[in-house]
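Chemist: Please find the sequence and the predicted model below.
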Amino acid sequence: MSVEPSPLVVTRRERWTELRLARPPRNVLDRPMLEALSAALDRLADGDAPLLLLCAEGKHFSTGYSIGEIPEEIFHRDPAVRASHPFEQVMARLVHYPSPVVAAVQGDAWGGAVELLTCTDLRVAATRVRLGVPPVRLGLVYSHTGLRRLLRGFGSPLVREMLLTGEAIGADRAAHAGFFCRVVPEADLAAAAAALLEQVARGGPQALRGTRRILTLLEEAEVLPDPVIDEIAELRHASWSSDEFRLARDAFIEGRPSPFGGG
């Protein structure tokens, strides 16, 4: 019986460890990919927690979830159910990983893949990269935790434009907002990411970990009241259960125009 190759390739380098999404061309964030990421992050965090380089192979960095397989769990009313899904577990593990994480983005990122990138510390992109978070075009409401991370990464005006229009933005615009710290030709991406990691590696490991931890604590300290969390959960679950989502999902899968009008 043939064994499916791992969707994630983990390579130990001299100064850092590389986590490479290896299911091109789309590198979908399905359960096998998320479980592989979660297991790798746990294993590395429990060991010597090296610096990390998150990267991907193929045309896309990742197209996020498969539209036909968006799970109810991440839209569930119960926060414990939402937190138990592999996607939320990967986000938490990345956010709370002890050492800095650098991302090298060679291709487009969509939906949950953009949120995945917000959980890294420093991001380098190829010139042609685009980023898009289009849940409204599917009739869906994005999570407040994901929106908070997007707000930190891009700033409120650009996030509102990205989310409310569903339109993708280019790497240069994302860099202007501070999301990417370097934008380079694709041929130079690996070298630019390595140079950035070498700069980070000049810091003391304990100081790097302490600084990352404090930054995370400051960013994660904001707490919404329970009634607000409940309202958000209801809005999200209602969107997942709606005819809007069903019609938009089916139209996307079948290559038909959006049921909401336009292209």
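Modeler: Nice, thanks for sending it over.

Chemist: Tally up the residues packed near the closest residue to V136 other than its chain neighbours, please.
Modeler: Nearest non-adjacent residue to V136, counting by CB to CB, 6 or more residues apart in numbering: G166, 5.4 Å away. C-beta here means a position set from N, CA and C on the backbone, and glycine is covered the same way. By the measure other CB atoms under 10 Å, the count of residues near G166 is 17.

Chemist: Give me the phi and psi for G166.
Modeler: phi 70, psi 10 (degrees, to the nearest 10).

Chemist: Might you report the residue contacts of E198?
Modeler: If a contact means CB atoms under 8 Å, 6 or more residues apart in numbering, then E198 has R15 as its contacts.

Chemist: List the buried residues of whichever strand or helix holds it.
Modeler: For E198, the element it lies in under DSSP states H and E is helix 189-201. By neighbour count on 16 or more other CB atoms under 10 Å, the buried set for helix 189-201 is L189, A192, A193, A194, L196, L197, V200, A201.

Chemist: and the residue nearest the centre of the chain, how far is that from D226?
Modeler: Nearest to the mean C-alpha position of the chain, by CA atoms, centre = their mean, lies L116 at 1.5 Å. The gap separating L116 from D226 is 27 Å, by CB to CB, to the nearest Å.

Chemist: Next SSE downstream of the helix holding E198?
Modeler: helix 205-220.

Chemist: Helix, strand, or coil at the closest residue to R213 other than its chain neighbours?
Modeler: The shortest distance from R213 to any non-neighbouring residue, by CB to CB, 6+ apart, is to P98 (7.3 Å). Of the three states, P98 takes coil under DSSP: H, G, I helix; E, B strand; the rest coil.

Chemist: how close does P98 sit to P205?
Modeler: On the measure of CB to CB, P98 and P205 end up 9 Å apart.

Chemist: ok, which stretches of the stretch 51-200 of the chain are strands?
Modeler: Assigned by DSSP state E, counting those that start in this stretch, the stretch 51-200 of the chain shows strands spanning 51-56, 60-62, 101-105, 108-110, 122-126, 130-132, 169-170, 182-184.

Chemist: which stretch among those comes nearest G255?
Modeler: Closest to G255 of these, according to CB to CB: strand 108-110, at 16.9 Å.

Chemist: Quick one: distance of the closest one to the chain centre.
Modeler: The chain centre lies 9 Å from the centre of strand 108-110; the measure is CA atoms, centre = their mean, to the nearest Å.

Chemist: so what strands line up beside it?
Modeler: Applying DSSP bridges to the sheet, strand 108-110 is found paired with strand 60-62 (parallel), strand 130-132 (parallel).

Chemist: Pick the most buried one from these.
Modeler: strand 60-62 (a mean of 26; mean count of other CB atoms under 10 Å).

Chemist: for the record, mean pLDDT for that strand?
Modeler: The average pLDDT for strand 60-62 rounds to 98.

Chemist: One more: stretch 94-102?
Modeler: For stretch 94-102, the mean pLDDT works out to 97.

Chemist: Check which residues of that stretch are buried.
Modeler: L94, V95, Y97, P98, S99, P100, V101, V102.

Chemist: residues in contact with the third one?
Modeler: Contact analysis of Y97 by CB under 8 Å, 6+ apart lists L41, L44, A45, A49, L52.

Chemist: And the second one, by the same measure?
Modeler: When contacts are counted by CB under 8 Å, 6+ apart, V95 is found next to C119, T216, E220.

Chemist: Repeat that for the fourth one.
Modeler: Remark: with contacts taken as CB under 8 Å, 6+ apart, P98 is in contact with A45, A49, R209, R212, R213.

Chemist: let's see 10 Å
Modeler: P98 is in contact with L44, A45, D46, D48, A49, P50, P205, L208, R209, G210, R212, R213, counting by CB atoms under 10 Å, 6 or more residues apart in numbering.

Chemist: can I get the residues you listed in CSV with pLDDT and distance to E73?
Modeler: Shown next, in CSV, are those (pLDDT from 0 to 100; distance: CB to CB, whole Å):
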residue, pLDDT, distance to E73
L44, 98, 25
A45, 98, 24
D46, 97, 26
D48, 95, 33
A49, 97, 29
P50, 98, 31
P205, 95, 36
L208, 97, 34
R209, 97, 32
G210, 97, 34
R212, 96, 29
R213, 95, 29
